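Engineer: Predicted model follows, preceded by the sequence.
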Amino acid sequence: SHYRIAVVVGSLRKDSFNRKLAHALARMAPADCEFHQVRIDDLPLYNQDDDGQQAESVQRLKKEIAGSQGVLFVTAEYNRSIPGVLKNALDNASRPYGQSAWAGKPAGVIGVSIGAMGTAMAQQHLRNVLAYLDMPTLGQPEAFIHAKDGLFNEDGTIGEGSKDFLQRWMDRYIAWVKRHNG
Ligand code: FNR
């Protein structure tokens, strides 16, 4: 069968390292897995008053998540937590109450930052949110990626130093997705 995985990038920056990482990871996936980056930059700021008439962009995001067999979060760390844009996307697609798009979707959490701790604290905060949203989240291996020279090759693939590690991470995440889709 075929697996569709939604990729949520926690950075809106044009030259985002996390978006680059998301692209590189997608290229490491097996042929039966298709990765799709979902848009979160056009979502309204979450407002509970809108629950009865969610914006088109929110409905679109929810449809994309609902139609996926897994969700891969590739996120930046802002001020020792997840960027607001990511939390906003999580909040928007979690409502109205009882109609969350996230529940049950197997998740992977990964991120890259220019700091030595490589988004570790953002990832830990994100895990807390995903637990509440009832998303089974891959626990190991963890991947805290430090953006340094050579992380990416010219063609956008992962450089020698991290290639094998990230391939093993992807293999484990794909196995996780398959395990949670009967
Ligand atoms: C950062 N950055 C950062 N890095 C980190 O490792 N821990 C942190 O807490 C923060 N905090 C933070 C706050 C804000 C507002 C900005 C703009 C940046 C640096 C961050 O790792 C760097 O900007 C990355 O390039 C962000 O990821 P993208 O946009 O390249 O994917």
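Structural biologist: Yep, it's here.
Engineer: mind listing the helices for this structure?
Structural biologist: 17-26, 56-66, 84-92, 120-132, 160-179 (DSSP state H).
Engineer: Mean pLDDT and mean neighbour count added to these, as CSV?
Structural biologist: Yep, even glycine has a C-beta here, placed from its N, CA and C like the rest. CSV is the format used below for the helices of the chain (pLDDT from 0 to 100; neighbours: other CB atoms under 10 Å):
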stretch, mean pLDDT, mean neighbour count
helix 17-26, 98, 21
helix 56-66, 98, 17
helix 84-92, 98, 20
helix 120-132, 98, 18
helix 160-179, 98, 16
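Engineer: I'd like those helices as a markdown table, with distance to residue 150 appended.
Structural biologist: Shown next, in a markdown table, are the helices of the chain (distance: least, CB to CB, whole Å):
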| stretch | distance to residue 150 |
| --- | --- |
| helix 17-26 | 13 |
| helix 56-66 | 33 |
| helix 84-92 | 27 |
| helix 120-132 | 21 |
| helix 160-179 | 6 |
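Engineer: Relative to the ligand, which of those helices is closest?
Structural biologist: Nearest to the ligand among these is helix 17-26 (3.4 Å), distances taken as CB to the nearest ligand atom.
Engineer: Report all helices and strands that that closest one contacts.
Structural biologist: Judged by 3 or more CB pairs under 8 Å, 6 or more residues apart in numbering; DSSP states H and E, the packing partners of helix 17-26 are strand 3-10, strand 33-37, strand 70-75, strand 107-113, helix 160-179.
Engineer: ok so, going back, residue 7 is nearest to which of the helices of the chain?
Structural biologist: helix 17-26 (5.1 Å; CB to CB).
Engineer: ok, that closest one near the ligand or not?
Structural biologist: Yes: contact between helix 17-26 and the ligand, assessed by CB under 6 Å from any ligand atom, occurs at 17-18.
Engineer: centre of the chain versus that helix, how much separation?
Structural biologist: 10 Å (CA atoms, centre = their mean, to the nearest Å).
Engineer: hmm, who's touching that helix?
Structural biologist: 7, 9-11, 13, 35, 37, 72, 74-76, 110-114, 145, 147, 151-152, 156-158, 166, 170 (CB atoms under 8 Å, 6 or more residues apart in numbering).
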